[in-house]
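J.: Coordinates for the following, if possible.
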Amino acid sequence: MSRRREDPARIARRTSMTTPVVPLRRPAAPEQAMTASLGDVNRLLGQFDNAERNPAATLSFRSLDRFRELLRVAGSPERDTPALIVAGTNGKGSIVHMTSALLTGHGLRVGRYISPHIIDVLERICVDDWPIPAGALHRLLGELISRLGEALLLPSGQVPSYYEMMTAAAFAYFQECRVDVAVLEVGMGGRYDATNAAKRMAVGFGAMALDHVPVLGSDLRAITAEKAAIMRPSVPAFAVRQEPEALSVLRDEARQLACPFHVVGEDIAVTPEQTSGFPPRHRALFGLPAPPRVWRGRLCAPFAGRFQVENLAVSLGLAQTVLAARGAALDDAGVVQPILDGVRAAGRRQVASWRGRTVILDGAHNPAALAELVRDCDQANVRLGLLVAMMADKDFRTCMSLLCSFQAAVVEAFCAVAVASPRCAPPADLLSALRMGAATGPRAASGDPAAFIAATPADGLQRLHELISRAANIVVTGSYYLIGEILRHGRDDGLL
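T.: So this is what the prediction gives:
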């Protein structure tokens, strides 16, 4: 998951740079004792409600008051770190990874905060792409807990959540490491998300779509309004192309707050170029407006999928805003492209190899994201084995119908599994939904024995490998939790 560490000697030989690209370095936060283990960290966090895995968690999503109170208890560390905040239904994690890489590559010390994690909780908090050490996170959480007292109560009598504790620890760590900027991925929504307490330099928006409907609203305008609430007066905002009703909400919010608002395809020029291969990495010609100067360059996005060029355009705009505030600018494309080539993020059309077979891990978990995956598979005319798990609170029935809509790609086998989350949809429900939508779908889904349930994700991977042809790829999708379980298994079983 970490970006490639470059040899400083190779960096020094680059004579074409106008802005130095620095090698990645471990952050130097005080007293980073390494004695605590990941298990110790998880035991501390286990005292707090975690809505990501526990649907019965009693969390208040309608106020930031509790989190702001927690920050005051922590000493208000968020005040020392300027931030970029990225919201959206799809693509926000990719934007965060690309933006933080661009800024690190231009010599800044950069904090990165994401959720959920894929492998372990340490990856949520990074400085210069180095995950926080278990000892440092254990110490920061321990200090917060000691201030809360044995009952874990804030002065108001409320108990913070798992997510709020992690976000407060992230701000504290970024303060200790004296980062120049933090790039923050909104967990859910925006208005009441803990990241919205940050002091921001600019904000970014990935694509809006229907998701988390019970909390955020039942239509696209309502969902977008929750996410648009990360905007602030006069703070620049950047957005990928949106559905008309979503774009209207973003424009209205920007107009009311006098925010400079830049939309890909309008204010930020993106001219896509022909691509090939599977999964395809897309290239485009980009044009950014001033300040500090017009930037043009041809770049290839580090992640596969045609939508990633728009995510990259937002990342370029966010990075340019930070650099301009420091009297600098984005380097030319010949310098930027190697930075992007080193970006790694699990579960974003991630390509791995296992037992001589290509395995693609994609965390698409809503209809809009899965539609993009289907489109790319059809464009490449590939043969597939699908390994799928989904959460019961997602629109899994529509998602299963989409997995029956391949036109050129051929699904040779489909495997439904469960993951270790009480939110997980029963695999039998996934198969039932798949068969309901399979009248014109893949032959493996319409009652064929190649549509099956496996006891575990690892068993499903093995059975698909045995069933499908040598030329077929395995695609793992539907849930980041499934991606995590496969990657953890793969560490011990040759998944590269």
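
J.: Can you spell out the domain ranges of the protein, please?
T.: Listed by automatic domain parsing, the domain ranges of the chain are 8-341, 350-491.

J.: As JSON lines, these with mean neighbour count would be great.
T.: Where you see a C-beta, it was placed from the backbone N, CA and C, and this is true even at glycine. Formatted as JSON lines, the domains of the chain follow (neighbours: other C-beta atoms under 10 Å):
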{"stretch": "domain 8-341", "mean neighbour count": "19"}
{"stretch": "domain 350-491", "mean neighbour count": "20"}
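
J.: mind putting the ones you listed in JSON lines, mean pLDDT included?
T.: Formatted as JSON lines, the domains of the chain follow (pLDDT from 0 to 100):
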{"stretch": "domain 8-341", "mean pLDDT": "88"}
{"stretch": "domain 350-491", "mean pLDDT": "89"}
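
J.: what are the ranges of the strands in the stretch 101-250 of the chain?
T.: 110-113, 125-127, 130-131, 181-185, 199-205, 237-239 (DSSP state E, counting those that start in this stretch).

J.: Mind checking these for the one nearest to residue 486?
T.: strand 130-131 (19.6 Å; C-beta to C-beta).

J.: partners of the closest one, with directions?
T.: Paired strands of strand 130-131, with direction, are strand 125-127 (antiparallel) (DSSP bridges).

J.: mind checking how far the partner strand is from the chain centre?
T.: Taking C-alpha atoms, centre = their mean, to the nearest Å, one finds the center of strand 125-127 at 14 Å from the center of the full chain.

J.: what sits up against it?
T.: Here strand 125-127 makes contact (C-beta atoms under 8 Å, 6 or more residues apart in numbering) with 27, 29, 100, 109-113, 131-132, 137, 166, 169-170, 173-174, 177, 179.

J.: Identify those among these that sit within helices.
T.: Mapping those onto helices (DSSP state H) picks out 100, 137, 166, 169, 170, 173, 174, 177.

J.: export the residues you listed to CSV and tack on distance to residue 450?
T.: Formatted as CSV, the ones in helices among the contacts of strand 125-127 follow (distance: C-beta to C-beta, whole Å):
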residue, distance to residue 450
100, 41
137, 44
166, 41
169, 46
170, 44
173, 47
174, 49
177, 50
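
J.: closest to residue 388 among those?
T.: Minimum distance to residue 388 across the ones in helices among the contacts of strand 125-127 is 28.1 Å, recorded for residue 166 (C-beta to C-beta).

J.: Show me the beta-bridge partners of residue 263.
T.: Assigned bridge partners for residue 263, using DSSP bridges, are residue 239.

J.: mind listing what it touches?
T.: With C-beta under 8 Å, 6+ apart, residue 263 has these contacts: 238, 239, 240, 241, 242, 247.

J.: any idea which of those is closest to residue 480?
T.: The nearest one, if we look at the contacts of residue 263 relative to residue 480 and count by C-beta to C-beta, is residue 240, at 20.4 Å.

J.: does the spatially closest residue to the closest one that is not a sequence neighbour sit in a helix, a strand or a coil?
T.: Distances taken as C-beta to C-beta, 6 or more residues apart in numbering put residue 310 closest to residue 240, at 4.0 Å, once the chain neighbours are dropped. Under DSSP: H, G, I helix; E, B strand; the rest coil, residue 310 falls in the helix class.

J.: go on, residue 411?
T.: strand.

J.: so it bridges to which residues?
T.: residue 384.

J.: Just confirm it contacts residue 388, I think it does.
T.: No. The pair residue 411 / residue 388 is not scored as a contact, 10.8 Å apart, by C-beta atoms under 8 Å.

J.: quick one, phi/psi of the residue nearest the centre of the chain?
T.: Closest to where the C-alpha atoms of the chain average out (C-alpha atoms, centre = their mean) is residue 93, at 2.2 Å. Main-chain torsions, residue 93, degrees, to the nearest 10: phi -70, psi -40.

J.: these two touch, right, it and residue 348?
T.: Yes. Contact criterion C-beta under 8 Å: residue 93 and residue 348 qualify, at 6.9 Å.

J.: Return the distance of residue 108 relative to residue 313.
T.: Distance from residue 108 to residue 313, counting by C-beta to C-beta, to the nearest Å: 20 Å.

J.: Can you list the strands that the one helix or strand residue 352 maps to pairs with?
T.: Element membership for residue 352, per DSSP states H and E: strand 350-354. Partner strands and pairing direction for strand 350-354 (DSSP bridges) are strand 357-362 (antiparallel).

J.: All good on my end, thank you.
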